[in-house]
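Participant: Give the three-dimensional model of this entry:
(one chain, ligands or ions: 1)
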Amino acid sequence: MKSNSDRRSFLKTLGAGSFALPLISAIPQKPKEKYTGKKLGIALVGLGSYATQRIGVGLEGSEYWNVTGIVTGTPSKIPAWKEKWGIQDKNVFNYENFHKIKDAKDIDVVYICLPNSMHAEYTIKAAKAGKHVISEKPMATNVADAEAMVKACDEAGVKLAIGYRCHFEPFNMQIMKYAKEETFGHINFIESSFGFRIGDPKQWRLNGKLAGGGPLMDVGIYCINAARYVTNQEPVSVSANFGPITDPDRFGEVEESVTWHIEFPDKTLFHGASSYKTNIEKFHASGPKGWMETSPSFSYGPLKGQTSLGPMNLPIVQHQQYQMEGMGPLFLSKDPIPDHCSGLEGVKDMKILMAIYESARNGGKKIWL
Ligand code: NAD
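Facilitator: Numbering: from 1, shown residues only. From the prediction side, this is the model:
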């Protein structure tokens, strides 16, 4: 694993505006001073696989964060977290007494890693308790809930970020930089798909109420978000179709697969798919001067990238560590969370996801946004 100063100087390198392949710029960077101020206290809500195996690991050794609280409905999970982080009994909550988190002065931020439809309820409760919030993606299961989350955080004067880890990850950041600098000309075509073969038929991801949808909500959202950060525009229209159901035991409540066709105001076309029946993960964008492609693109990797100029030689990182080290200063700052990982960004994605479902339910009808 890279040291913090390596990571910081690398992130600065990406922002330095230089372009050369291989992409680790030779421009020497003055390392930022190590943060030695008071750490932010964070409470994880929902100690499932993402909180435990990813975010919890990404927070280890953090300059900015200390896990000072947990919220869980499973008492057997408590001892390991208490031991690892030195969490006090007073900061161990369950879903019934969650509101008492307002009294925990050493919890600044609440990170919600619950099934999708529960994000809104716990974000709003956390905001009312005066805590800043990071909600996992998709931020909600409908636009109204997503907007209510933003409103609740605004009204409470707390910050809301969405766990869009790709915004802190080197390959995706480089893709954004290429697009912004028009290295391959102005991007006019995007193709992106993300899917995997889902296992346990009883898991919440296949429950319509808890998941709010199938692969689109779970992983297709990465393709949508990437198309937006590459084009830096909002779509004008969406048309989409569900794929066939080949496994009715699993896909009674959520789609098995979905394909979409999206147009942006500058006529950029974006074609994509998401599936719970096949392992696929790629992002391709091209313009008049060339192309860029990642595959894998959004999962924990190792990510790989190619462009018409050559390979993307970038570090393979622990995404959640980069995300949390990137988000630390955003929560310490007095400024609002920057747009790219804010609640408003989540709302924009949610509107597109819902338009995809509306179109697919209506046999591919074009939806104007
Ligand atoms: P998980 O099933 O492993 O964990 C969910 C947790 O919620 C469990 O601890 C479970 O006990 C708890 N829970 C509370 N009430 C529940 C209920 N009514 N039904 C089911 N579980 C309940 O799921 P996960 O993979 O950790 O996903 C959690 C969230 O994190 C989801 O929103 C998912 O989209 C998101 N996620 C994000 C990424 C990413 O890369 N950003 C990756 C995986 C998951």
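
Participant: per the record, what domains does the chain have?
Facilitator: 35-162, 170-315+343-368 (automatic domain parsing).

Participant: Reformat those domains as CSV; add mean neighbour count, mean pLDDT and distance to the ligand.
Facilitator: C-beta: built from backbone N, CA, C; applies to glycine. Below are those laid out as CSV (neighbours: other Cβ atoms under 10 Å; pLDDT from 0 to 100; distance: least, Cβ to the nearest ligand atom, whole Å):
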stretch, mean neighbour count, mean pLDDT, distance to the ligand
domain 35-162, 19, 98, 2
domain 170-315+343-368, 19, 98, 4
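
Participant: Looking at those, spot the one closest to Leu330.
Facilitator: domain 35-162 (6.7 Å; Cβ to Cβ).

Participant: rewinding a little: redo the domains of the chain as CSV? Include distance to Asp335.
Facilitator: As requested, the domains of the chain are exported to CSV (distance: least, Cβ to Cβ, whole Å):
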stretch, distance to Asp335
domain 35-162, 9
domain 170-315+343-368, 14
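
Participant: Gly364: what's it in contact with?
Facilitator: Ser239, Ala240, Asn241 (Cβ atoms under 8 Å, 6 or more residues apart in numbering).

Participant: Mark which of those are part of helices, please.
Facilitator: Among the contacts of Gly364, DSSP state H puts none in helices.

Participant: So which of those are in strands?
Facilitator: Residues of the contacts of Gly364 located in strands (DSSP state E): Ser239, Ala240, Asn241.

Participant: rewinding a little: figure out which of the domains of the chain is closest to Gly328.
Facilitator: domain 35-162 (2.6 Å).

Participant: Endpoints of the closest one, how far apart?
Facilitator: 23 Å (Cα to Cα, to the nearest Å).

Participant: and if you look at stretch 231-242?
Facilitator: End to end - Cα to Cα - stretch 231-242 spans 25 Å.

Participant: same question, stretch 204-223
Facilitator: Stretch 204-223 end-to-end distance (Cα to Cα) = 22 Å.

Participant: longest single helix anywhere in this protein?
Facilitator: The chain, longest helix under DSSP H: helix 343-361.

Participant: what helices or strands is that one leaning on?
Facilitator: helix 143-156, strand 160-162, helix 221-231, strand 237-242, strand 257-263, strand 367-368 (3 or more Cβ pairs under 8 Å, 6 or more residues apart in numbering; DSSP states H and E).

Participant: what about the third one, distance to the chain center?
Facilitator: Going by Cα atoms, centre = their mean, to the nearest Å, the spacing between the C-alpha centre of helix 221-231 and its chain's C-alpha centre is 11 Å.

Participant: try the fourth one
Facilitator: Between the mean C-alpha location of strand 237-242 and the chain-wide mean there is a distance of 22 Å, by Cα atoms, centre = their mean.

Participant: That one vs strand 257-263, what angle?
Facilitator: Relative orientation of strand 237-242 versus strand 257-263 (axes from the mean of the first three to the mean of the last three Cα atoms, to 10 degrees): 160 degrees.

Participant: pretty sure Val45 is touching Ile112, no?
Facilitator: Yes: under the criterion of Cβ atoms under 8 Å, Val45 makes contact with Ile112 at 4.8 Å.

Participant: who touches the nearest residue to Gly214 once chain neighbours are set aside in this structure?
Facilitator: Nearest non-adjacent residue to Gly214, counting by Cβ to Cβ, 6 or more residues apart in numbering: Val254, 3.3 Å away. By Cβ under 8 Å, 6+ apart, the residues touching Val254 are Arg205, Leu206, Asn207, Gly208, Ala211, Gly213, Gly214, Pro215, Met217, Tyr276.

Participant: Reformat those as a markdown table; add secondary structure and distance to Tyr322.
Facilitator: Shown next, in a markdown table, are the contacts of Val254 (DSSP: H, G, I helix; E, B strand; the rest coil; distance: Cβ to Cβ, whole Å):
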| residue | secondary structure | distance to Tyr322 |
| --- | --- | --- |
| Arg205 | helix | 25 |
| Leu206 | helix | 30 |
| Asn207 | coil | 31 |
| Gly208 | helix | 33 |
| Ala211 | helix | 27 |
| Gly213 | coil | 28 |
| Gly214 | coil | 28 |
| Pro215 | helix | 25 |
| Met217 | helix | 24 |
| Tyr276 | coil | 27 |
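
Participant: Helices along this protein, start to end?
Facilitator: 4-14, 49, 56-58, 78-85, 119-128, 143-156, 170-181, 208-211, 215, 221-231, 319-332, 343-361.

Participant: Figure out which of those helices is closest to Thr246.
Facilitator: It's helix 215; of the helices of the chain, that one is closest to Thr246 (Cβ to Cβ) at 13.6 Å.

Participant: So what touches that closest one?
Facilitator: For helix 215, contacts defined as Cβ under 8 Å, 6+ apart pick out Phe194, Gly195, Phe196, Ile198, Val254, Glu255, Glu256, Ser257, Val258, Ser274, Ser275, Tyr276.

Participant: contacting residues for the residue lying closest to Ala51 once chain neighbours are set aside?
Facilitator: Nearest non-adjacent residue to Ala51, counting by Cβ to Cβ, 6+ apart: Cys113, 4.0 Å away. Residues near Cys113 by Cβ under 8 Å, 6+ apart: Leu44, Val45, Gly46, Leu47, Gly48, Tyr50, Ala51, Ile55, Glu136.

Participant: same check, this time on Thr307
Facilitator: Here Thr307 is in contact with Leu21, Tyr178, Thr183, Phe184, Gly290, Trp291, Met292, Glu293 (criterion: Cβ under 8 Å, 6+ apart).

Participant: Gly157 too?
Facilitator: Counted by Cβ under 8 Å, 6+ apart, Gly157 has zero contacts.

Participant: for it, phi and psi?
Facilitator: Per-residue torsions, Gly157: phi 70, psi 30 (degrees, to the nearest 10).
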